[in-house]
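Undergrad: quick check, what structure comes out for this input:
(3 chains)
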Amino acid sequence: MAKITITIDGKPIQTEEGQTILEVCRKNNIYIPTLCYHPVLEPYGACRLCTVEVTRHGWPSLHTACTHPAWDGLVVRTNTAEVRAVRKTLMELFLSRTPNVPLIQEMAAEYGVTEPSYPVEDPNEKCILCGLCVRVCNDMVKAHVLNFSSRGVDRKVGPPFMEKTRECIGCGACTIVCPTGAIEIVLQKNAIYAAKPLGPTAAIYVPSLQAVPRVPVIDTDSCIRFRQRDRSNGEIEDACGACQMLCEANAIDFTQQDEILELNVGAIVVATGFQMWDSTKLSQYSYGKSPNIITALEFERLSNAAGPTGGQILTADGVKPERVAIIHCVGSRDKNPNAHEYCSRICCMYSLKQAHLVRDKTHAEVYEFYMDMRAFGKGYEEFYERVQEEGVVMVRGRGAEVQVLPSGKLRVTGEDANLGKLVAVDVDMVVLSSAIEPPADAQKIAQLFGLSRTPDGWFAEAHPKLKPVETNTDGVFLAGAAQGPKDVPDTVAHAGAAASMAVALLNRGEVTISPQVAVVDEKFCSACKTCLNICPYAAISFIVEDNVARVNEALCKGCGTCVATCPAGAITGKHFTDDQIMAQIEGLFRVPELVEA
Amino acid sequence: MPKLKSLDELRELRSRLKHEIKARTETATTITVGMGTCGIAAGAREVMQAFLDELSARQIDAHVVTTGCIGMCSKEPLVDIQQGNEPRITYGNVSPAMVPRIIEEHLIGGKVVQEWAVGRLVKEA
Amino acid sequence: MADLHRADVLVSCRHGRTPELVTALRDEIERRGLAEEIRVVETGCSGFCSVGPVITVRPEGHFYASVQPADVPELVEETLVKGRFVQRLAYKEAAGRKAITRYEDLPFYAKQMRIVLRNCGMIDPRSIDEYIAVGGYEALGKVLTSMTPDEVIAEIKKSGLRGRGGAGFHAGRKWEATRRAKGDIKYVIANGDEGDPGAFMDRALMEGDPHAIIEGMIIASYAVGSHQGYIYVRDEYPLAVENLTLAIQAAREYGLLGEDILGSGHSFDIRIVRGAGAFVCGESSALMQSLEGKVGEPRAKHVHATDRGLFDRPSCLNNVETLANVPQIILNGADWFASIGTERSKGTKAFCLVGKVRNPGLIEVPMGMTLKQIVNDIGGGPPKFRKVKAVQTGGPSGGCIPASMLDIPVDYESLTEAGSMMGSGGMIVLDDRTCMVDISRYFLEFLKEESCGKCAPCREGIKRMLEILVAMTNGTAKAGDLERLETLAKTVQTASLCGLGKSAPNPVLSTIRYFREEYEQHIKDGYCASGACRELTAYVIVDEKCKGCGLCIKVCPQEGISGEQKQPHYIDQAVCIKCGACYDVCRLDAIKIVPKAAVSLGGNGGNGHGTPAATPAKDKPGAAKGKA
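TA: Prediction:
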């Protein structure tokens, strides 16, 4: 692109052709006030605040910087007395229209306008008709929900006929671009938990704070572009794209697809974590029967500043709860076949933390129904003490039942073992400290890596005391909750250990393995695949092209199970062939010949 | 309607259409037929029709206008012919049969048909 | 049927009773057996609106004004059968004056120069044959057969033809820019979106001579290299739409639109697009948005439409009047055209002369004629007893030129210099009964309704300016309001997005410029000398002058004036609605307009009887203030 020079406020600026004066100013940190400009939208020229003096061929005149192209040789002055006078009058007009919008008040004050100069019609008016929402909805989102209606002073922004419309995809783009906060997305009743289990997030985000590489991903379920594509069956392919326009590194690629990578590695750390136990499995807790009965994980989302309520703790009706019950050991330490016998280990401490948050944010009464308080870590006991001091009511005894009362209130009953009595409390919100359990597909992973599992379903380590991260398969290690319930410090320690073990293995460069491995005599293999399933180390694979089973010598421990199982007798253990064993037996039974001296 | 394929065709069409609006265009010749009650009774209408037919057939550029009784009722139908700045000639007792000759000799030939003319009116300066 | 018609009866004007009149004429002619020799032609507007419907009988040139269907039998009998003029239906310049019988003798037409409107009122706009018969499409033929596009552009440039829509951009330059612009597809657009209150030049032209516009467009298309044209007409002009549609159809049937026009190889076709009547759609960028099917709102025009206009393609947009000039320029030559008008404004301009003149109507005059000539010679001057106070030109975006400046010639530069503009050609004559504050208020009210609302200064600024003006006219204005109004007006003028907003303050600024004291009088004294601002004024009778003739008693709609014959009358202020009928009718100058504050409203008559204060004929309203 051709280089041009324009002079702004006396300073010559070299830049590229094809930009507007405003764009050049922004890039060079020259301040020009705007209300109807947004970098991803076509300039509109409605607010006229960016009016500047432009001199071409010796004739100065006023133009809007957002629409005027930056031509070579232009002389621009952004802050002349005349320009300031125009902006001042404009701010008088804006402030008289929307007297109580902080942004307008601030901008008006810059020009010495502090009071509306003309009669105020509606002190609650917030819309300045800049058209940003209209343009973003039509040009970017392509949802075509918002537009202007009526003409002149009657101009209004809204959906067709000012009626609710299904065309709105609730993307919220209009609220983001609106400079005066005139548009709000009102969540419908019960919707704060309904849209997604964890509520809405931005469609483009870094998947986790520690993500490596630290690259954002696009959630195609939330992204306007992908949603519009799916809604229109591919007709609208080019909605939004704001991220692409704004990304200076040009790194956004909408054509990327999920793909499967095959890597050859020397060690594997299994860190598949846990999943939440399904709280509906025990019906006495009434999970799912009221939006105000939530799991601890849902509470975390609710309490998160980036969550659906902006961090406020609210019931589904959008009001602060007055009483909250937290029930420990839901699905843990329970012999019911639908629950788990083990202790989930992390619940006591997070429940205390959540009790603290409720007290802190809402001053609601909090009732903790607990069996035992397992505050075993460093500083944990002290935190437990502190929460008690904050006035949280501790009820020792499992919360037995949650009832949804006709009024919508929730009644929690249980036995207070300390008092030896049944107790009941009516609350506005119940938080279930539900159990954690191995992921549903743990068995598949176990088979893939030849791992064994303990009776409760977690992956088994090679030795409970001496080999806490190793598994029975060489080169495969366990980290974190995949091995069993762990809180964050334990997980970090465990993962550190697993990583060290993996690194130690890799550092060896070359490993010596035992020569005592099984080998398939492919002439005799009948391709029955029996050996594949019985190999505890997943060392045998089936080679489709040759139609035979073959042993991976690096994985084979030489246990001999396959040798004994193979119906065709095609597998032999090296150093333990039938002939060798028979020879040894024969050797054992041979009467030594007396050697004539 | 046939499409016009060239400027010549347009011009040809125009010349055919010209007489359609003749009444609204300037012409050099005005033929005035006396149409008072006396004139009509004496057959002025037929005379006028004859003029119109003849002018149309010959494609002659002239206006035909009517006027009331000019007082010489005995000589009706009276017809005045005014050509440019020439003196105005009045013909009396005109019949449709006389029309072709008046047109042939006077309008085209420029010669007044003396035996039928009853007077001439020199334009007052 | 005789091929040759003896006479044509031209009926013009879209007067409400015109269809009835035409039917009556045709029936009567049929009844009298004249149908073969006499034809009734419905033409477009002849321009002489004050006396419509108008009938002209050709070739005689008999001119009849305000003809009613009941007049038809007499008219046919006398004029068409016997060739006599019906004196009763003659146009008279003023009561008692001599009747004018021939079209050619009317002063209304005699001072005009009709180039664009030459066929309006003369031919049947629905007949392409009549247009061709008067030389129509001859210019097109000349262009297509003997001129190159560059020669056409050179000719138009040489003629000095400038845009008749108001801005006065040189048409030839616009064509040249469009021709030079890159792109295979280019458009020619005719702007027929006329929205000024009181203006109807474009409507008259589209209704009365649609082929002239079409011919101009085809010539433009050949010059700029376009194959598709659009005519943008407001839907409130149904007859214009109808006549243009018929004209386009007829032109297509003759092969004057479509492929290979007159065997030249040039192809061009036209579509009519109907606008919904938004004033702002007359602005070129808003018009193009509207053509594209979008909301008609203006865009910033740093890139000219000649490079990127309709559908982002090079587009040549001209006013219909501009285009209708083109065939005449081609036929008669650029030199002929350039010989008419002033140094920088060539040719003629059509105006709608309305307001306080005797002969309002549609006129066309050479550029450079003075306002005075137009108002007095063509318009016949103001009505009896009234004086011209100012002339408002250029529609709502124009300004008011005071009576003292009526000697300025009508051309683009002079009008702009005087604080007004040519605009599309509205011309409203204001008399001494018009309040300049009120007239600004009126125009701003219109503009407030018609502002599209896109840009803040126009939308919010006009509204606020109007608030101030309303306060001035109802007596609630405060000191400093005039200065605030001026500042606001200047910001709206400089900061608005489009021509509508930029010119919206013109009525205000031009009246402040020439009639500042009138504004000050409204604010400081709460007085409106013209009597137009009813909240500020009262009508009183001056005893010394009133001779008790009783004229005012007769005209008062409220029956609020009483008095014995030959005794001074008095006005009951309690019932007076300030219509001014008594003031207008009084020949003795006995009725005075005084500040409202100067009379008390108490009782029957009260101070309304006679003059408010001790001394009669209070010209200085301030003097009477003590009474309030």
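Undergrad: bridged to residue A:403, which residues?
TA: residue A:411 (DSSP bridges).
Undergrad: show me the contacts for it.
TA: A:286, A:410-411, A:413 (CB atoms under 8 Å, 6 or more residues apart in numbering or on different chains). From N, CA and C alone the C-beta is placed, and that goes for glycine too.
Undergrad: pick out the residue of the stretch 201-350 of chain A closest to chain C.
TA: residue A:238 (17.5 Å; CB to the nearest CB).
Undergrad: how far away is that residue from residue C:513?
TA: When distance is defined by CB to CB, to the nearest Å, residue A:238 is 52 Å away from residue C:513.
Undergrad: neighbour count: those two, which is higher?
TA: residue C:513 (14 against 11; other CB atoms under 10 Å in any protein chain shown).
Undergrad: chain neighbours aside, what residue packs nearest to that one?
TA: Once flanking residues are discounted, residue C:513 sits nearest to residue C:419: 5.5 Å by CB to CB, 6 or more residues apart in numbering or on different chains.
Undergrad: residue contacts, the one you found?
TA: C:399, C:401, C:506, C:509-510, C:513-514.
Undergrad: would you mind checking those for buried ones?
TA: C:399, C:401, C:506, C:509-510, C:514 (16 or more other CB atoms under 10 Å in any protein chain shown).
Undergrad: for residue 154, phi and psi?
TA: Since no chain was named, I'll use chain A. The phi/psi pair for residue A:154 (degrees, to the nearest 10) reads phi -90, psi 0.
Undergrad: wait, chain C
TA: The phi/psi pair for residue C:154 (degrees, to the nearest 10) is phi -60, psi -40.
Undergrad: residues in contact with it?
TA: Residue C:154 is in contact with residue C:172, counting by CB under 8 Å, 6+ apart.
Undergrad: next up, the contacts around the closest residue to chain B within the stretch 401-550 of chain C.
TA: Across the stretch 401-550 of chain C, the shortest distance to chain B (CB to the nearest CB) belongs to residue C:425, at 26.2 Å. Contact partners of residue C:425, counting by CB under 8 Å, 6+ apart, are C:164, C:199, C:201, C:321, C:349-352.
Undergrad: check residue A:391 too.
TA: For residue A:391, the contacting residues are A:359, A:365-366, by CB under 8 Å, 6+ apart.
Undergrad: so how far is stretch C:64-74 from its chain's centroid?
TA: Relative to its parent chain, stretch C:64-74 has a centroid offset of 27 Å by CA atoms, centre = their mean, to the nearest Å.
Undergrad: that one near chain B at all?
TA: No - taking CB under 8 Å from any CB of the partner chain as the criterion, stretch C:64-74 and chain B are apart, separated by no less than 13.9 Å.
Undergrad: that stretch: end-to-end distance?
TA: Using CA to CA, to the nearest Å, one end of stretch C:64-74 lies 12 Å from the other.
Undergrad: which parts of it are buried?
TA: Applying 16+ other CB under 10 Å to stretch C:64-74 flags C:64-65, C:67, C:69, C:71-72 as buried.
Undergrad: quick one: which of those sit in strands?
TA: The strands, defined by DSSP state E, take in residue C:64 from the buried residues of stretch C:64-74.
Undergrad: closest to chain A out of the buried residues of stretch C:64-74?
TA: residue C:65 (40.5 Å).
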